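J.: Okay, structure incoming, though there's no sequence with it:
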DNA sequence: CGGTGCTTTGAGCATGGTCAACTAAAGTGG
DNA sequence: CCACTTTAGTTGACCATGCTCAAAGCACCG
């Protein structure tokens, strides 16, 4: 099998397990179970029982909700080393979102029961979780604010700048399909397409397919 | 002073302190400090150092952000027994939001250092925190989804139904000024005003000032 | 090749934001 | 208790943003 080392990956990659004492790491290694998902498969779906914390050991997954009117809203992209769990931690809760692998993805799972036990026996882990959740809350608050107060153009400019900063290069391939970028930014693929065309005609960037080259990052920043 | 019992209130009211062993409660009681804020005063402001967890022992406060373009976005209303803390838990972070008392409000504070120590010595507390944050994340994800996918009319209908359900009465006084409802729903006071007028003319409700009486909750639910 | 899904482009239009003027309600101070 | 100031809410006219629907162009994959 391709990813025999998945269990170790979870321990070494994931920030919530960092700085844990040896004894705790040993316990964690014991209770994680590894799963592999092919691109397009669901890690979970709305309505599933939320009974496990899921850690992406390798790969990428999109987490999104479907609103009453059928529209998708992207909540986040789970990258290698990140985890999804908030809902998994209370008893009797159902998933309200979907998590879909964007590429072949390895996932480590810890059941709710095991994880709750683990937190009680390892204060360091619990504190790490609180910190991780705290950061997620701050980020979600910003996402909410941005999505309701800023124009699509502004949000897109911001997204491009953040993406290029993360990749450390003015020339890059968009990490998501435009369709997904659209639901992430709370808009439609058509609008994304139009705004990119406009930005290109304003000489802010070049765009061919998913290839983007930022020409004028100051100009983009002006739009934010 | 009117609220001598503030310290105890924090312990008894707040879910994160529930089901803690006696010894931990004693420690908590020791390290909380009580503050009083008059209506309109700020519990904290953007730019302040985020160095304490704040628990509302009695009263109500609104937490909101101001976007780059100057627009407000309401993030939440802190009710009696609720707390605000995510940002306070990492070192060297600044507040990114404002918290303003909506009425005379008693607040218990615990400093970051004390709280981190406390979590390490009390796994129960840390687990409670993780659960509380988890629920907050779920709620924020729903807020983000709703605000980007549903129409203002739908969001307002939903807000009214939730509010009346919480108060358990079809006839009630809006708990916020319409201005604040507007920023909470990510819209403007004008639009709130118009939509309420429309709903009234559709015989879904009666509305005079902040008094609302829901006449047709099924009809409202149809809008959601 | 012939799908299947993604993207682009166009035309039309609905939603809701802006600005401005006015009314209503809620302090404030003599 | 009444004028005065301030804040909140309402209403109208206008208009920009961005969504919808439809059609056509691409790209990747079996």
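T.: Yes, it's here. Here the structure is a predicted model, which is why all the values come from computation and not from measurement.

J.: helix or strand right after the helix or strand bottoming out on mean pLDDT in chain A?
T.: Across the helices and strands of chain A, mean confidence by mean pLDDT, DSSP states H and E is lowest for helix A:6-13: a mean of 71. Toward the C-terminus, helix A:6-13 is succeeded by helix A:22-31 as the next helix or strand (DSSP states H and E).

J.: what helices or strands is that following helix leaning on?
T.: helix A:6-13, strand A:105-111, helix A:112-121 (3 or more C-beta pairs under 8 Å, 6 or more residues apart in numbering or on different chains; DSSP states H and E). C-beta: built from backbone N, CA, C; applies to glycine.

J.: Tell me where chain A has helices.
T.: In chain A, the segments counted as helices under DSSP state H are A:6-13, A:22-31, A:112-121, A:123-149, A:152-167, A:178-185, A:189-201, A:217-223.

J.: Figure out which of those is closest to residue B:148.
T.: When the helices of chain A are compared by C-beta to C-beta, helix A:123-149 sits nearest residue B:148, at 5.2 Å.

J.: From DNA strand D, how far out is the residue nearest to residue A:140 when sequence neighbours are not counted?
T.: Nearest-residue entry for residue A:140: residue B:140, 4.3 Å, with adjacent residues in sequence omitted and distances by C-beta to C-beta, 6 or more residues apart in numbering or on different chains. Residue B:140 sits at a distance of 20 Å from DNA strand D (criterion: C-beta to the nearest atom of the strand, to the nearest Å).

J.: how about residue B:140, what does it touch?
T.: When contacts are counted by C-beta atoms under 8 Å, 6 or more residues apart in numbering or on different chains, residue B:140 touches A:137, A:140, A:141, A:144.

J.: do the same with residue A:83
T.: Applying C-beta under 8 Å, 6+ apart to residue A:83 gives the contacts A:14, A:16, A:53, A:54, A:55, A:56, A:132.

J.: Can you give me the domain boundaries for chain A?
T.: A:7-147, A:151-223 (automatic domain parsing).

J.: Any idea which of these has the lowest pLDDT on average?
T.: Sorting the domains of chain A by mean pLDDT places domain A:7-147 lowest, at a mean of 88.

J.: thinking again about what came up before, got a quick ChimeraX command for the buried subset of the contacts of residue A:83?
T.: The buried residues among these can be selected in ChimeraX (16 or more other C-beta atoms under 10 Å in any protein chain shown) with this line:
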select /A:14,16,53,54,55,56,132
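
J.: The contacts of residue A:83 into CSV, with extra columns for distance to DNA strand D?
T.: Listed next are those as CSV, based on distance: C-beta to the nearest atom of the strand, whole Å:
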residue, distance to DNA strand D
A:14, 30
A:16, 34
A:53, 32
A:54, 26
A:55, 27
A:56, 22
A:132, 31
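
J.: which ones among the contacts of residue A:83 come in contact with chain B?
T.: Among the contacts of residue A:83, not one lies near chain B by C-beta under 8 Å from any C-beta of the partner chain.

J.: Residue A:219 and residue B:105: what is the separation?
T.: 45 Å (C-beta to C-beta, to the nearest Å).

J.: So the two - more neighbours on which side?
T.: Comparing residue A:219 with residue B:105 by other C-beta atoms under 10 Å in any protein chain shown, the one with more neighbours is residue B:105, at 24 against 15.

J.: need the contact list for the more buried one.
T.: Residue B:105 sits next to B:36, B:37, B:39, B:43, B:56, B:58, B:59, B:60, B:61 when contact means C-beta under 8 Å, 6+ apart.

J.: cutoff 10 Å now
T.: Taking C-beta atoms under 10 Å, 6 or more residues apart in numbering or on different chains, we find residue B:105 in contact with B:3, B:35-39, B:41, B:43, B:56-61, B:78, B:80, B:99.

J.: Over to residue A:120?
T.: Going by C-beta under 10 Å, 6+ apart, residue A:120 touches A:126, B:123, B:124, B:126, B:127.

J.: at 7 Å instead, please
T.: Residues in contact with residue A:120 (C-beta atoms under 7 Å, 6 or more residues apart in numbering or on different chains) are B:123, B:127.

J.: Repeat that for residue A:22.
T.: Going by C-beta under 7 Å, 6+ apart, residue A:22 touches no other residue.

J.: so how far is chain B from it?
T.: Residue A:22 is 17 Å from chain B, where distance means C-beta to the nearest C-beta, to the nearest Å.

J.: again with residue A:46
T.: Noted for residue A:46: a distance of 11 Å to chain B, by C-beta to the nearest C-beta.
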